[in-house]
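> model the following, please.
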Amino acid sequence: MDGVGLRRDGFVAEIVLDRAEALNALSTAMARRLASVCAEVAADDQVRAVVLSAAGERAFCVGADLKERNAMTDAEIMAQRPVFRAAFGGVLNLPQPVVAAVHGFALGGGCEFALSADLIVADETAVFGLPEVRVGLVPGGGGTQLALRRLGPAKAADLVFTGRRLDVDEAVEIGLADRKVPAGAARDEALALAKVIAQNSPVAVRAAKRALRQGNGVGLDAGLDLEENAWRTAAASADRREGIAAFAEKRDPVWPS
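Below you'll find the model as predicted:
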């Protein structure tokens, strides 16, 4: 439906970029659907982890649909902007941990979707890049800020200013991707990783994600205050009581949340 699918496997939700015939290029309709799906997942307390994957064999996502944009007026492109921001923000602001499963081309907005995730699993075919300056644009799905935070200013500048492409080995080397897997294995590895995350306390994991995200770029004292808030949230929860009881009784926890 409009290029985005949603699957569930237990406590894991999988959001699928599903427009393989266009290399999963992001159209206006697809962006609207993605924002809606992310809102649905974010509100679902039964979802403890999310995988962002893509259909087809050639690409994770090649960014905005430039064929669609080529037929648009300047005013229409500006009107499209909040729709796209909602789509990228939907992924970035998911309260659950997000694992991106990347294969093939992850360019422009596709690279930004990966950067919006908490962890990136990439297979041997993955190619990353932020080529927006080559078509007269600036990364607009969070690319400048997310690359800066993940890679540091010099490496982010290298990618953004040159628009060059990186293979998976360089992506892992500089920290753009977290795990390299054989061709075709990114989705399975991402799902397995998400299932491991989903076994843990959902209250604690969500609180930890907030602390990690909000603490990125703040001073140490402010970051420790964020950690304190996260700790207090978890410590006051029924999950903490169940987790300690399960440990003492040598059994798997059954999270009440």
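> mind checking the longest helix of the chain?
Under DSSP state H, the helix in the chain containing the largest number of residues is helix 74-92.
> tell me the gap between the lowest-mean-pLDDT helix or strand in the chain and the middle of its chain.
Lowest on mean pLDDT, DSSP states H and E among the helices and strands of the chain sits helix 66-70, with a mean of 91. Centre-to-centre, helix 66-70 and its host chain are 25 Å apart (C-alpha atoms, centre = their mean, to the nearest Å).
> can you list contacts of that helix?
Here helix 66-70 makes contact (C-beta atoms under 8 Å, 6 or more residues apart in numbering) with 22, 25, 27, 28, 77, 80, 135. Placement of C-beta: from N, CA and C, glycine included.
> can you rerun that using 10 Å?
22, 25-30, 76-77, 80, 108, 135, 137 (C-beta atoms under 10 Å, 6 or more residues apart in numbering).
> can you point out the buried residues in it?
Within helix 66-70, the residues that count as buried by 16 or more other C-beta atoms under 10 Å are 68, 69.
> where does the protein dip in pLDDT?
By pLDDT under 70, the low-scoring segments of the chain are 1.
> can you give me the domain boundaries for it?
Here the domain parsing of the chain from automatic domain parsing is 4-198, 202-248.
> would CSV of those with distance to residue 254 be doable?
Listed next are the domains of the chain as CSV, based on distance: least, C-beta to C-beta, whole Å:
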stretch, distance to residue 254
domain 4-198, 12
domain 202-248, 7
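> out of those domains, deepest packed?
domain 4-198 (a mean of 20; mean count of other C-beta atoms under 10 Å).
> just the terminal-to-terminal distance for that one.
23 Å (C-alpha to C-alpha, to the nearest Å).
> and stretch 171-190, by the same measure?
Across stretch 171-190, the terminal residues are separated by 17 Å (C-alpha to C-alpha).
> helix or strand right after the longest helix of the chain?
Downstream of helix 74-92, the next assigned helix or strand under DSSP states H and E is strand 98-102.
> how about the contacts made by the spatially most central residue of the chain?
For the chain, the residue nearest the mean C-alpha position is residue 117 (2.1 Å; C-alpha atoms, centre = their mean). By C-beta under 10 Å, 6+ apart, residue 117 lies in contact with 50-52, 91-92, 94, 97-102, 146, 178, 190.
> please, where are all the helices along the stretch 1-150 of the chain?
28-42, 66-70, 74-92, 109-116, 143-151 (DSSP state H, counting those that start in this stretch).
> reformat these as TSV; add distance to residue 245.
Output for the helices of the stretch 1-150 of the chain, formatted as TSV (distance: least, C-beta to C-beta, whole Å):
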stretch	distance to residue 245
helix 28-42	29
helix 66-70	55
helix 74-92	35
helix 109-116	36
helix 143-151	38
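> from the contact counts, what lies against the helix or strand hosting residue 230?
Following DSSP H and E, one finds residue 230 within helix 220-235. Counting contacts by 3 or more C-beta pairs under 10 Å, 6 or more residues apart in numbering; DSSP states H and E, helix 220-235 is packed against helix 202-215, helix 238-248.
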